[in-house]
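> only geometry, no sequence info:
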């Protein structure tokens, strides 16, 4: 089935992304301040994280409702094969393995900031209920919402308005990284964040299906939780501890996944419409 795609003007896409990021930050900081006053528990703080993720799409939903445009029509959902989804998982598995190698090599030169250490300790000591709330926020809600905003609204506007790969790859990746402001102050985390953002943007452009980037995003976030609660990985401090098998397998998987998507013809959606302003919102215009 051929699906059409509705895109915002580039200027409006920027404004919506800025409004959405502000909305999430405002709600998160406001409720966190209130919870500190009330001395609420960790579970409530995690619920605020979940809520602040959900509300970032509120401006987009509001504008689309005003213009009578179905929200699903602004996301690229071109059909992809099972092998493509499988190779996306192969790629992310390999990259995650190499990220472990990268961390072993570079972390000794960049000590983890105190606020990140505190965050990790709090998460590892959380109750089952508190952990489940945070996992839902990070593994389910964040991939759906953030990919919808950065790879959906912003990237599609940039790509189909200008037909250029450069801005569509670089700009959403940079904005995505800025959204995760806490990690900008720790160089290894910043590099990993930029790498993740680039992979997500690249896969979306290659497949024209945002569900692929949502899947990869969810796997990345899931891996962070698994690493935090894995005593074996916590004990790894050198490449010798990690083992050559891990390094070789991770490298092979990364090369296989990268090679597959390099060879994969870039998918494009033929029927692309510009979302009209409110006064003209009777239907999409070419």
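Here it is on my side, so go on. From a predicted model like this one, the values you see are computed outputs, not experimental measurements.
> Check which residues of the helix or strand where residue 222 lies are buried.
For residue 222, the element it lies in under DSSP states H and E is helix 210-228. By neighbour count on 16 or more other CB atoms under 10 Å, the buried set for helix 210-228 is 210-223, 225, 227. C-beta: built from backbone N, CA, C; applies to glycine.
> where does the protein dip in pLDDT?
For the chain, the stretches with pLDDT under 70 are 1-2, 229-237, 278-286.
> Go again with 80.
Applying pLDDT under 80 to the chain flags residues 1-3, 35-42, 112-126, 163-164, 181-184, 227-241, 277-286.
> all helices for it, in order.
10-38, 42-54, 58-66, 82-106, 114-124, 128-135, 142-146, 155-162, 165-179, 187-207, 210-228, 231-234, 239-242, 244-263 (DSSP state H).
> Which of those sits closest to residue 274?
With CB to CB as the criterion, residue 274 lies closest to helix 155-162 of the helices of the chain, at 8.3 Å.
> by contact count, what packs against that closest one?
Under the contact criterion of 3 or more CB pairs under 8 Å, 6 or more residues apart in numbering; DSSP states H and E, helix 155-162 touches strand 5-7, helix 10-38, helix 165-179, helix 187-207.
> Repeat the analysis, applying 6 Å as the threshold.
strand 5-7, helix 10-38, helix 165-179 (3 or more CB pairs under 6 Å, 6 or more residues apart in numbering; DSSP states H and E).
> re the thing from before, can I get the helices of the chain in TSV with distance to residue 272?
Formatted as TSV, those follow (distance: least, CB to CB, whole Å):
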stretch	distance to residue 272
helix 10-38	13
helix 42-54	28
helix 58-66	16
helix 82-106	21
helix 114-124	41
helix 128-135	36
helix 142-146	23
helix 155-162	5
helix 165-179	13
helix 187-207	14
helix 210-228	15
helix 231-234	44
helix 239-242	46
helix 244-263	22
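> quick one: residue 58 from residue 197, how far?
22 Å (CB to CB, to the nearest Å).
> cool, and residue 141?
From residue 141 to residue 197 the distance is 18 Å (CB to CB).
> more neighbours, these two?
residue 197 (26 against 19; other CB atoms under 10 Å).
> Contacts only, for the more buried one.
Residues in contact with residue 197, defined by CB atoms under 6 Å, 6 or more residues apart in numbering, are 173, 176-177.
> Just name the closest of these to residue 48, please.
Among those, residue 176 lies closest to residue 48 (CB to CB), at 21.3 Å.
> Skipping adjacent residues, who's closest to that closest one in space?
Among residues not flanking residue 176 along the chain, residue 197 sits closest, at 4.3 Å (CB to CB, 6 or more residues apart in numbering).
> ok, the one you found to residue 214 distance?
Taking CB to CB, one finds residue 197 at 14 Å from residue 214.
> Report the distance from stretch 263-276 to the chain centre.
In terms of CA atoms, centre = their mean, to the nearest Å, the centre of stretch 263-276 is found 21 Å from the chain centre.
> What are the buried residues along that stretch?
Going by 16+ other CB under 10 Å, stretch 263-276 has these buried residues: 264, 267, 269, 272-276.
> among these, which two are most distant?
Across those, the longest distance by CB to CB is 33.5 Å; it joins 264 and 276.
> got the buried residues for stretch 176-191?
176-177, 179, 183, 186, 188-189, 191.
> Need the contact partners of it.
21, 106-107, 110, 113, 150, 193-194, 197.
> mind checking the end-to-end distance for it?
For stretch 176-191, the first-to-last residue distance is 13 Å (CA to CA, to the nearest Å).
> between the helices and strands packed on helix 155-162, which one is nearest to residue 100?
Nearest of the helices and strands packed on helix 155-162 (CB to CB): helix 165-179, 20.5 Å.
> and that closest one with helix 187-207, angle?
140 degrees (axes from the mean of the first three to the mean of the last three CA atoms, to 10 degrees).
> gap between helix 165-179 and the chain center?
Centre-to-centre, helix 165-179 and its host chain are 11 Å apart (CA atoms, centre = their mean).
> cool, stretch 82-96 as well?
Distance, centroid of stretch 82-96 to centroid of chain: 16 Å (CA atoms, centre = their mean).
> Please identify the buried residues of that stretch?
By 16+ other CB under 10 Å, the buried positions in stretch 82-96 come out as 84-85, 87-88, 90-96.
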